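**Student:** got a predicted model here, sequence first, then my questions.
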Amino acid sequence: MKTPTWGSVIGILMIVFGGCSALNDVKAISMPEELAKQKEIIRKTVAEENSKEDSVRLEDIDSLATSKTSEDEIPFFGKQSVEEILNLSEFTKTWIVRFGYIGAFASLLYMLGGVFLLVPKSFSIKLVYAALVVSILCGGAQAAVLTSSSSSGIIAITTGLSQIFGILVDIILLAVIFSSGKEAYSGSV
């Protein structure tokens, strides 16, 4: 039997969303190392800026004073606040990496569910339900852990809160699949 239109659309969406999630999970696995590299780059840049400021001539100081904003005027973009943003507790680093590995598995299951939704088989709907439920559970756990009081940093909070959007998408997809006709998936083996 031919794949229904809703099955094709949701299958393609699941493959795309699963692929994007897999990329984010791979980035999450390497996030602590990347943040350490970025901190080092910021430290080198700050050291270079300080050495350049020491070598400025007196006549240049007047022209710089009028065009340069102080860190007090823009506290979010100060040198120390950037390092604070990149600073993560060991708890947060550990859980971001763990959720990266768990999420990679969930993303692969999500994409596999999308592929089997495109190919009508008797187990396709059960696989899609399982993939969506696993995705909702992983996203909920990640949001709960990374936004808890044990986590620290803006990166942890935004990573945790971004999962809420994914959970909502999964619930919508689950509702559409649940309410659609599944005759095409009942007789195929």
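**Tutor:** Received the coordinates, thanks. Fair warning: this is a prediction, and the values are worked out from it, not measured in the lab.
**Student:** low-confidence ranges, this structure, go.
**Tutor:** 50, 52-87, 149-153, 188-189 (pLDDT under 70).
**Student:** which parts of it are helices?
**Tutor:** Secondary structure of the chain (DSSP state H): helices at 5-29, 31-54, 58-67, 79-86, 90-118, 124-146, 154-179.
**Student:** of these, which is nearest residue 185?
**Tutor:** Set against residue 185 and scored by CB to CB, the helices of the chain come closest in helix 124-146, at 5.0 Å. Yep, even glycine has a C-beta here, placed from its N, CA and C like the rest.
**Student:** buried ones in that closest one?
**Tutor:** Buried residues in helix 124-146, counted by 16 or more other CB atoms under 10 Å: 124-125, 127-128, 131-132, 134-136, 138-139, 141-143, 145-146.
**Student:** now stretch 23-31
**Tutor:** 24-25, 28-29, 31.
**Student:** quick check, central residue of this structure?
**Tutor:** Nearest residue to the geometric centre of the chain (CA atoms, centre = their mean): residue 24, 5.0 Å.
**Student:** what about that residue, distance to residue 11?
**Tutor:** 21 Å (CB to CB, to the nearest Å).
**Student:** can you tell which of the helices of the chain is closest to residue 186?
**Tutor:** Among the helices of the chain, the nearest to residue 186 by CB to CB is helix 124-146 (8.6 Å).
**Student:** what does that closest one contact?
**Tutor:** Contact with helix 124-146 is made by 10, 14, 21, 92, 95-96, 99, 102-103, 106, 109-110, 112-114, 116-117, 151, 156-157, 159-161, 163-164, 166-167, 170-171, 173-174, 177, 182, 185, 188, as judged by CB atoms under 8 Å, 6 or more residues apart in numbering.
**Student:** out of those residues, which end up buried?
**Tutor:** Among those, those classed as buried by 16+ other CB under 10 Å are 10, 14, 21, 92, 95-96, 99, 102-103, 106, 109-110, 112-114, 116-117, 151, 156-157, 159-160, 163, 166-167, 170, 173-174, 177, 185.
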